[in-house]
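Q: can you look at this prediction? I've put the sequence above it.
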Amino acid sequence: MKKIQCYSLYKLQLVIAVSILSICCSKEHSTSLDTSAKDSTGISDSTQQIVESKSDRFFLYEERQGQDVYIKYCVVCHGVEGKGDGFNAFNLDPRPRDFTDSTFLANHSDETIIRAITDGGTAVKKSQYMPSWGGTLSSEEIENVIAYIKMFSRSKEAKTPTN
């Protein structure tokens, strides 16, 4: 009889321990799920903070939609500020395009940029490392990301002091 009581007590302690562990683990797990839900684009927290710090600027609808596409697909090479300094840029030769250079946009039509995004860099005699996004992005997404890219050179011009 005493052996049965000890076994029952042991069983009860085991059930309590497992319950406590499952509660602790489920809280930790749900916290990580909440964090990932906030960042459905898959970008890092530091990138998200930089993007949010720039949110004081007024965006047109196309630019806002383009920003989402840019963050998801372009920021790793072209960088958060469009300077061609994304974390993967240092592995590439030539380096990715610097979108803050207004001469680049002045010398290239939207059609050329659309073709570069749709068919990749080699389609416009540029870097082979620029992938083709035509199978991934819709034409509307490509036009929106171009609207967002154009913002980079406009914001640099606005910061340049005039004498």
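A: Great, that's in hand. Numbering: from 1, shown residues only.

Q: show me the contact partners of the helix or strand hosting E141.
A: E141 belongs to helix 139-159 when elements are defined using DSSP states H and E. Taking C-beta atoms under 8 Å, 6 or more residues apart in numbering as the criterion, the residues outside helix 139-159 that touch it are 57, 60, 62-63, 65-67, 69-70, 73-74, 81-83, 99-102, 104-105, 110, 113-114, 117-118, 133-134, 137. The way it works is simple: take the backbone N, C-alpha and C, and place the C-beta from them, glycine included.

Q: PyMOL command for the buried members of those residues?
A: Applying 16 or more other C-beta atoms under 10 Å to the contacts of helix 139-159, the buried members can be selected in PyMOL as follows:
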select buried, resi 62+63+65+66+67+69+70+73+74+81+82+83+99+100+101+105+113+114+117+118+133+134+137
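
Q: residues in contact with L137?
A: L137 touches 69, 73, 117-118, 145, counting by C-beta under 8 Å, 6+ apart.

Q: at 10 Å what do you get?
A: 69, 72-73, 117-118, 143-145 (C-beta atoms under 10 Å, 6 or more residues apart in numbering).

Q: where does the protein dip in pLDDT?
A: 1-57, 155-163 (pLDDT under 70).

Q: in it, which spans are helices?
A: For the chain, helices defined by DSSP state H occupy the ranges 2-38, 45-53, 61-69, 75-78, 102-107, 110-119, 139-159.

Q: and the fourth one, what does it pack onto?
A: Looking back up the chat, that one is helix 75-78. helix 45-53 (3 or more C-beta pairs under 10 Å, 6 or more residues apart in numbering; DSSP states H and E).
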